[in-house]
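>>> Here is a sequence together with a model predicted from it:
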2 protein chains.
Amino acid sequence: MDYGSPLLTRLVRGLTRLPGIGERSAQRIALHLLHAPVEESRELGRLLGELREKVGFCPRCGFYTEGGLCAICADARRNDALLCVVEQPVEVLSLERSGAYRGRYHVLGGVISPLDGVHPEDLNVDTLLRRLDEEPVAELILALSAGVEGETTALYLAERLAGRALRLTRLARGLPVGGSLEYSDEATLQRAFEGRVELK
Amino acid sequence: MDYGSPLLTRLVRGLTRLPGIGERSAQRIALHLLHAPVEESRELGRLLGELREKVGFCPRCGFYTEGGLCAICADARRNDALLCVVEQPVEVLSLERSGAYRGRYHVLGGVISPLDGVHPEDLNVDTLLRRLDEEPVAELILALSAGVEGETTALYLAERLAGRALRLTRLARGLPVGGSLEYSDEATLQRAFEGRVELK
């Protein structure tokens, strides 16, 4: 499609690469910005240009940060005795939204999935074990997705943690099987936290 | 919502201002860009930053251009005898996509709508009359929306053009292709009956 402007054409094409944005939505967004106050596109342009320079991942837990420890790791009021293991940083957002949890997090970076080429050594397991050595963690809560791969990863972690004086739990079966944390509603996440069960 | 990064929070908020983008979609887009190849967000940032500096409106017809006459006005192969009046530049895109028309365009900038504070003098009517004086236009096709305001505007233009040696037409009204009788509104059905054509 020719928009009568190479820049407009490139912008629409770039927008269609975003998740959930088709050709029609991309056109609508680009033309909206062409007619909206000029500051709207400039501000977005600035933020996108700076995004990857400024925003990175916390060296301790793997959540988003603009440098140094993330806001959660740096927050002295969080409960050091609780450590919650999630697959991806976006899931920290979902759990924080639920308000069900006030401990700390550890982002694993995925789950074991040999078919997708993800093996235990690809996950942030060593950094997790080091944190357990250094931090006063009493309970490790596995908040992994409720599918086969999440289960496999939970069992693998349980093996690696055997012998430690540590309560190991996983979220209750409140999560719909096959559902991801990111799209769970807040009530479901609260139930899942309340009903977390002991892993042997 | 706190994303653990002021920039990320501002980016998500900025994205929700775009048409069709809610909070969840905005989050999904921002986090996608945080994990995608860095060039994806940089390129989008660059294009958005340049959008309003580079892309403007054709001084003759009002369609998009990156400077000087637009690609359609500058195209010597278009039919100078046909001039199609549309409300907004985006409608030029729709007509071009249809491939139904090879003449020239004139963007009116809206339709007469006193309730919305749009009066004849707010539209590009004077520039239209000047083009009719200067260009060899034989037929002026009104491609305005099929509501009361479009009709009012068409009548107003017909009055202003009275006495000129010019064929004045408007797009046909009737059933949309693929549309069923069952789901067509009464006004459309009335127009479809009035405009019925002989089948040989």
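That came in fine, so what should we check first? Residues are numbered from 1 along each chain as shown, chains lettered A, B, ... in the order given.
>>> Please identify the buried residues of the longest helix along chain A?
Scanning chain A for the helix with the most residues, using DSSP state H, yields helix A:38-54. Residues of helix A:38-54 classed as buried: A:40-52 (neighbour count, 16 or more other C-beta atoms under 10 Å in any protein chain shown). Where C-beta positions appear, they are placed from N, C-alpha and C, glycine not excepted.
>>> Helix B:38-54 and that one, what's the angle between them?
160 degrees (axes from the mean of the first three to the mean of the last three C-alpha atoms, to 10 degrees).
>>> re earlier: so which of the buried residues of helix A:38-54 also contact chain B?
A:40-52 (C-beta under 8 Å from any C-beta of the partner chain).
>>> possible to save those residues as CSV with pLDDT?
Formatted as CSV, those follow (pLDDT from 0 to 100):
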residue, pLDDT
A:E40, 96
A:S41, 96
A:R42, 96
A:E43, 96
A:L44, 97
A:G45, 97
A:R46, 97
A:L47, 97
A:L48, 97
A:G49, 96
A:E50, 96
A:L51, 96
A:R52, 95
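>>> show me where pLDDT drops low in chain A?
A:1, A:173-175, A:177, A:200 (pLDDT under 70).
>>> okay, now the domains of it?
According to automatic domain parsing, chain A comprises the domains A:6-54, A:68-198.
>>> JSON lines for the ones you listed, including distance to B:A158?
Below are the domains of chain A laid out as JSON lines (distance: least, C-beta to C-beta, whole Å):
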{"stretch": "domain A:6-54", "distance to B:A158": "28"}
{"stretch": "domain A:68-198", "distance to B:A158": "55"}
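>>> Just give me the neighbour total for the closest residue to A:L171 other than its chain neighbours.
The shortest distance from A:L171 to any non-neighbouring residue, by C-beta to C-beta, 6 or more residues apart in numbering or on different chains, is to A:A192 (4.2 Å). Other residues within reach of A:A192, judged by other C-beta atoms under 10 Å in any protein chain shown, total 22.
>>> Between the buried residues of helix A:38-54, which sits nearest B:G56?
Nearest to B:G56 among these: A:S41, at 13.2 Å, using C-beta to C-beta.
>>> looking at it, that closest one is touching B:R52, isn't it?
Yes - using C-beta atoms under 8 Å, A:S41 makes contact with B:R52 at a distance of 5.7 Å.
>>> who's in contact with whatever helix or strand A:E159 lives in?
Per DSSP states H and E: A:E159 is located in helix A:148-160. Contacts with helix A:148-160, where a contact means C-beta atoms under 8 Å, 6 or more residues apart in numbering or on different chains, come from A:85, A:87, A:108, A:111-113, A:120, A:123, A:125, A:128-129, A:142, A:144, A:168, A:170, A:199-200.
>>> who's in contact with the spatially closest residue to A:R42 that is not a sequence neighbour?
Leaving aside its sequence neighbours, A:R42 sits nearest to B:G49 (C-beta to C-beta, 6+ apart; 6.2 Å). Neighbouring residues of B:G49 by C-beta under 8 Å, 6+ apart: A:41-42, A:45-46, A:49.
>>> before we move on, what about A:E182?
A:E182 touches A:88, A:90-91, A:93-94, counting by C-beta under 8 Å, 6+ apart.
>>> and these, which of them are in helices?
A:90-91, A:93-94.
>>> what subset of the residues you listed is also close to chain B?
Within these, those near chain B by C-beta under 8 Å from any C-beta are A:90, A:93.
>>> What lies in contact with the strand of greatest length in chain A?
Longest strand in chain A, counting residues (DSSP state E): strand A:79-86. Residues from elsewhere that reach strand A:79-86 (C-beta under 8 Å, 6+ apart): A:92, A:95, A:101-108, A:128, A:131-132, A:135-144, A:157, A:181.
>>> And the contacts of helix A:148-160, which of them are buried?
A:85, A:87, A:108, A:111-113, A:123, A:125, A:128, A:142, A:144, A:168, A:170, A:199.
>>> Need the max-distance pair from those.
Counting by C-beta to C-beta, the most remote pair of these is A:S113 and A:L168, 21.4 Å apart.
>>> on that earlier part again, roughly how far is the helix holding A:E159 from the heart of the chain?
Taking the mean of its C-alpha atoms, helix A:148-160 sits 18 Å from the chain's own mean (C-alpha atoms, centre = their mean, to the nearest Å).
>>> how close does A:L7 sit to chain B?
Separation of A:L7 from chain B (C-beta to the nearest C-beta, to the nearest Å) stands at 5 Å.
>>> Could you tell me which residues make contact with that residue?
So A:L7 contacts B:47, B:50-51, B:54-55, B:66 (C-beta under 8 Å, 6+ apart).
>>> the helices in chain A, which residues?
A:6-16, A:23-35, A:38-54, A:89-98, A:125-134, A:148-160, A:186-194.
>>> okay, those helices, which one's buried deepest?
Compared across the helices of chain A, helix A:89-98 shows the largest average neighbour count, a mean of 21 (mean count of other C-beta atoms under 10 Å in any protein chain shown).
>>> Give me the contact list for that one.
A:57, A:62-64, A:72, A:84, A:86, A:101, A:105, A:107, A:143, A:180-182, A:184, A:186, A:189-190, A:193, B:1-4, B:27, B:31.
>>> So how do I select the buried members of those in PyMOL?
Buried members of those, defined by 16+ other C-beta under 10 Å, are picked up in PyMOL with:
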select buried, (chain A and resi 62+63+64+72+84+86+101+105+107+143+180+181+182+184+189+193) or (chain B and resi 3+4+27+31)
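>>> Isn't A:A26 up against A:R10?
No - A:A26 is not in contact with A:R10 according to C-beta under 8 Å; the separation is 11.0 Å.
>>> Okay then, goodbye and thanks.
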